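J.: Take a look and give me a structure for this.
(chains A and B)
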Amino acid sequence: MSAGALSSPLAAKPRLFSEARIAGLLVLGLIGILVLIIGLPLWALLSKSVENHAGEFIGLANFAQYFSTPALVAALYNSLFVSALSTAIVVPLAFVYAYGLTRSRMPLRNLFMALALLPIFAPSLLAAISMIYLFGNQGFFKSWLMGGSIYGPLGIILSQVCSCFPHAVMIIATALRLADGRLYEVAEALGTSKRRVFFTITLPGARYGLISAAFVVFTLVITDFGIPKVIGGQFNVLATDAYKQIVGQQNFEMGAVVGLILLIPALLAFVVDQQVQKRQVAQLSARAVPYVAKPNKARDRALFCYCLLIGGILLAMLGVAIWASFIRYWPYNLSLTFANYAFENFEPGGWGPYITSLKMAGLAALFGTALVFSGAYLIEKTKGVSPLRRLAHGLAMLPMAVPGLVLGLGYVFFINAKGSVFGFLYGTLSLLVLNTIAHVYTVAHITAMTALKQIDPEFEAVSASLKVPFWKTFLRVTAPISLPAILDIAVYLFVNALTTISSVIFLYGASTKLASIAIVHMDEAGATAAAAAMATMIVLTAICAKALQVLLDRVVFARMQRWRVR
Amino acid sequence: MKWEPVHRKNMRQNIDLEHGFVSIKTKGAQEAESASTAAPFLSVRGLSKHFGAFQALKAIDLDVARGEFICFLGPSGCGKTTLLRAIAGLDPQNAGSITLDGRDVSAAPPSARDFGIVFQSYALFPNLTIAENIGYGLVNRKAAKAVIAARVAELLALVGLSDQGMKYPVQLSGGQQQRVALARALATSPGLLLLDEPLSALDARVRLRLREEIRALQRRLGVTTIMVTHDQEEALSMAERIVVMNHGVIEQIGTPEMVYRQPKTAFVADFVGRMSFLDGEMQGKNRVMLAGQVFDCTDEAGLAPGTRVEAGLRPEAVQVRGVDAHAPNALMVEVEALEFLGSFCRATLTTPGITFLADFSANLMRDCAIGEGTRLPVLLPAEALRIFPARGEHA
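T.: Residues are numbered from 1 along each chain as shown, chains lettered A, B, ... in the order given. This is a model prediction of the structure:
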C-alpha cells in the first residue's frame, strides 16, 4: 500500500451519469440560461452603443454625439436633479417612519408597516395619476400650487416620493431592527442623554441602511419610466428620452447610449449595497440582544401622528386613483359609475391586456419560481465545480444592477441583432415572461438562498451516505420544507410582472399588450379615468395575490406542515 | 502495544473513584489488539488536505480493524472532523489514499462508499416522520414495503423508540432525535459507522446515558465505528483506541489506558486528563532535578543529562498517606489552595520553585485534617513522573 495510490485497479470508477456529473451539468445548464436571459442582452446593449447604423464599430462616437446634443444633455441634468431631490426628501421621511415602526411602542405598528408597503402593489405611475387628479388641470387642489404646474419636475418628484417610499422604509427598518439592545442599556447605565444616545448609537447603527436606501431610491427614480411619461409634461428625463429615441426615432444607437448612462447609477448602487451589507452583518454579533423600546408617551404619540399622516397620504395616493376610476366626469360630475371599466371604449384590446397580464404574470411566477429555486439549490447545496457555481451566483446577482428599462433595451438589441436566431420571439408572451424573470431574478434568488441557508447543511451528506441521490432529497425534503419561501418568490414574481412597465415597454407585440402598457396608452390618449381603472385592476389583483399568500401560509401550510409544531 | 495488568487495574480504580467515568471495556480493546494484526478494514495512507493556504491534514496514516470503535480526539481545528469527512468522501482529500474493506475508494463519491453517518445537529428531515426518516435509505433500494416496515420497526426497537414512529422530529427530545439519526445511519447495515460529535449538542445527563447506549449498540452489532469528539472523557470511556490529533497530525494512537498513562507527547498529556508540568533538568538515566532536588522518573526517550525538560504529573498520582518525608521521591509541600469538586478536592501544592496539583479524596481530607496552609510530605512516584522535552510556554 503506497502513499497516494489514487489509481489502483480496485478504485471505484466514476459512472457516466454519477451524481456529481449530473449536478455539474445542471449548473452548466443554469449558467447557460442566465447568460441567455441576462448576460447576452446586456452585451448586446454594450456593443450597440459603440456601433453605427450599419453595425460598424465606431468607438465612443455615439457618446460624443450624445454629449454634444444640448437637448439630450439637458435630459441628463433633469434626471440627476429630480433623482437627487427625490432621494433627499424620501430618505429622511422614511427614516422617521421606520424609526416609529421599530423603536417605539406606538399602537398599530403592523398596520403602518402594511400601509408603507402599499405602493409596491401598484405600477409606479399610479401615484402620478393620483397627482393629476389632485393637482392637475382639473385637480381639486390646483389652486394650492399658486399658478405652478404639476406637469413637470414638481409632479415627478412628488409621485416618486410616494412610489419609492416603501423601498426606503424596508431597508431602513431592517437596519434599525439590527440594533443591539445591550448598547442602549450600557449607555443608560452610564447616564447618557437621549440626544447623545441617538447621535452616538442609533444613527451610526443605521448609517449603512441610510446609505443603501439613498442609492436604491436614486436608482429607482432615475430609471423609472412610468411617472415622467404620465406627469412629466415637456420635462425630458433620461428614461423618456430612451423611449423616444427607440420607439419614436428608431435611433437604436442613441437609445443604447442612454441605456448605458442609466446603468451607471444602478451599478454604483449595487456595489455600495454589497459593501454596506457586509458591514451591516458584521456590526451585529451573535450575542447581541434585540432592542426593545421602553414606553414613552410623548415620543410614541408624536411618532403615531407622524406615521398616521404619512400612511394616510400613501393610502390617499392609492385611494384617489381608485376613487377617480369610478367617477363619471372628474371633477364636475362625481357620481359613481363602472363606465371607465368598459375598456373596449378606450383601448382596442378591451379587457385583453388585463388577461394578457394575468397570463404573463402567472407564467413568470410558475417558471420563474422553478428556475430560481432549483438554481439556488444547485448553487448552495451541491458540491464540486465551485468556480461554476460562483459564476452562476454572480450572474444571478447581476440583474439587481440593471434597471428594467436598460434590460428591456438589451432585449430589443439582442433579439434584433443581425443573424439572431431569436427574432421569432419578438412580441411574444414568452419573451415578456423571460424578460420579467430576468428583471427580478436577484431578489427572488436572495430569498431562495436565505431559505436554503437555514436548512441543515448535512442533509445532502446524509442522503449521500444512504445512497439517495440529491434530487430525491431536493423533492422529498428541501422543497417541501421551503414551501413558504417558494410561495413568497412566486407572489413576488407575480406582483412584479403585473406592475412592471419599463422593462416590457419595448418588447410587447400587438397581441401581447400588457395592462401596464395599456395604462400608458390610455393616459396618452387622454382617457385618464380608464387608465386609473386599469391601474386599479392591477392593484386589486396584486393585493389579492398577496392576501392569498398570507392565507395559504396561515391556513393550508399550517395544516400541511404539521411537523413544524411541537 | 503492551501494558501491565496491574497498572491498568490501578488506573481503572483511579478513574472510577476520582472522575466518575463509566467503566472502560478492556475486553474489547484486547480483541481489537488481536484483530489489528489481520488486514485492516479501513486503511488511510498519506492523507493530506488543505483549505487554501491552511494545511488541515498532513500526511495522515491510519489503520482501523474490523469491528473496532475508534475515537478521533483533539481540540477544535485539529483536523479530526476533516479526516472523518475525507473518509466519508464528503470533503475529498488533496493527496493520499483510502482503502475500505479491500476496495480503494480514494476517488469514489460518498454514495459509492459504504458508511452511515450521524451529525451533531442530528440532520433529521423535519418534514418526515421518525419512521420515514429511518426508512429513508431503504425506500431508495426498492425493497418491498413490508420488508421496509419490518426493518424500520426492528431499528425503532433497537434504539428504544418503538412507539414513536409516527411522530415528527420536533416532537422528540434531543437525545431521542439523536437515537433516530443513529437508527437511520444503521438502517442500510453499513460496514462503517461515522459519528461526528454526536453527543455535543446534548445536555450532560442525556450525554452520559447515550454514551453507554451507543457503545452497547456498537458492540452488539459489531459495526466498525469512528467517532469524532473533543471531549476526552467521552473518548476515554467509549473508544477501544483513541487517535489524538493536533494541528493536522496524529500525536498518538493507542488504547485509552495507553493514551492516559503513557502519553507520547506533552500535548497528549495535557489534552487527555489533567497534568501538572514541572520544569527540570535531566541528571542521568531516569533521574531529574526539580527545584533543587533529584527525583527518580520515567524517561522513555532517554534524554541526555543537562537537557531542559518538563516532568508531567497527574493530580491523582500524588501520594499522601503514609509518606516518609525522607524516602526517595518524597517532598515537603504546603497546601496553597483547595478547590472543592464534590467527591474530592483539587489541591494546589507548592514548595519553593515548583507548584503542582494533587487530588485529595474527601476521606483523605477528613483523616489527615488537610486545610489551606497545611504542610505535609507527599510522594511523587517515579512511574508517574513522565519526562517530556521542554516546549517553551505551555498552558
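J.: For the residue in the stretch 51-200 of chain B that chain A sits nearest to, which non-adjacent residue is spatially closest?
T.: Scanning the stretch 51-200 of chain B for the residue nearest chain A gives B:Gly137, at 3.0 Å (criterion: Cβ to the nearest Cβ). Every residue, glycine included, has its C-beta placed from N, CA and C. For B:Gly137, ignoring the flanking residues on the chain, the nearest one in space by Cβ to Cβ, 6 or more residues apart in numbering or on different chains is A:Leu466 at 3.0 Å.
J.: Now do the contacts for the residue of the stretch 301-450 of chain A found nearest chain B.
T.: At 7.8 Å from chain B, A:Lys383 is the closest residue in the stretch 301-450 of chain A, using Cβ to the nearest Cβ. Each residue near A:Lys383 by Cβ atoms under 8 Å, 6 or more residues apart in numbering or on different chains is listed here: A:20, A:23, A:460, B:90.
J.: Neighbour-wise, give me the winner out of those.
T.: In terms of neighbours by other Cβ atoms under 10 Å in any protein chain shown, the contacts of A:Lys383 top out with A:Glu460 at 26 neighbours.
J.: isn't it right next to A:Trp471, touching?
T.: No. In this structure, A:Glu460 is not within contact of A:Trp471 by Cβ atoms under 8 Å, at 10.8 Å.
J.: Using the three-state scheme, assign B:Leu357.
T.: Three-state call for B:Leu357 (DSSP: H, G, I helix; E, B strand; the rest coil): strand.
J.: Contacts only, for it.
T.: Per Cβ under 8 Å, 6+ apart, neighbours of B:Leu357: B:274, B:276, B:315, B:346-349.
J.: Give me the subset of those that also touch chain A.
T.: When Cβ under 8 Å from any Cβ of the partner chain is applied, no member of those is adjacent to chain A.
J.: ok, for whatever residue of the stretch 201-350 of chain B ends up closest to chain A, nearest residue in space, not its chain neighbours?
T.: In the stretch 201-350 of chain B, the residue that lies nearest chain A is B:Ala201 (12.0 Å; Cβ to the nearest Cβ). Computed as Cβ to Cβ, 6+ apart, the closest residue to B:Ala201 that is not its neighbour in sequence is B:Gln120, at 5.2 Å.
J.: residues near that neighbour, how many?
T.: 19.
J.: What does the pLDDT read for the closest residue to chain B within the stretch 351-500 of chain A?
T.: Across the stretch 351-500 of chain A, the shortest distance to chain B (Cβ to the nearest Cβ) belongs to A:Leu466, at 3.0 Å. If you check A:Leu466, the pLDDT there is 90.
J.: Could you check how many residues crowd around it?
T.: Neighbours of A:Leu466 (other Cβ under 10 Å): 25.
J.: Test my guess that it contacts B:Thr188.
T.: Yes. Counting by Cβ under 8 Å, A:Leu466 does reach B:Thr188; the two are 6.2 Å apart.
J.: what is in contact with these two at once?
T.: Shared between the contact lists of A:Leu466 and B:Thr188 (criterion: Cβ under 8 Å, 6+ apart) are residues B:116, B:137.
J.: give me every residue that touches the residue nearest the centre of chain A.
T.: Nearest residue to the geometric centre of chain A (Cα atoms, centre = their mean): A:Val440, 6.1 Å. In this structure, A:Val440 makes contact with A:368, A:399, A:492-493, A:496-497, judged by Cβ under 8 Å, 6+ apart.
J.: where does it fall, phi/psi-wise?
T.: When read as degrees, to the nearest 10, the backbone of A:Val440 gives phi -110, psi 20.
J.: What residues does the stretch 201-350 of chain B have near chain A?
T.: So the stretch 201-350 of chain B never meets chain A (Cβ under 8 Å from any Cβ).
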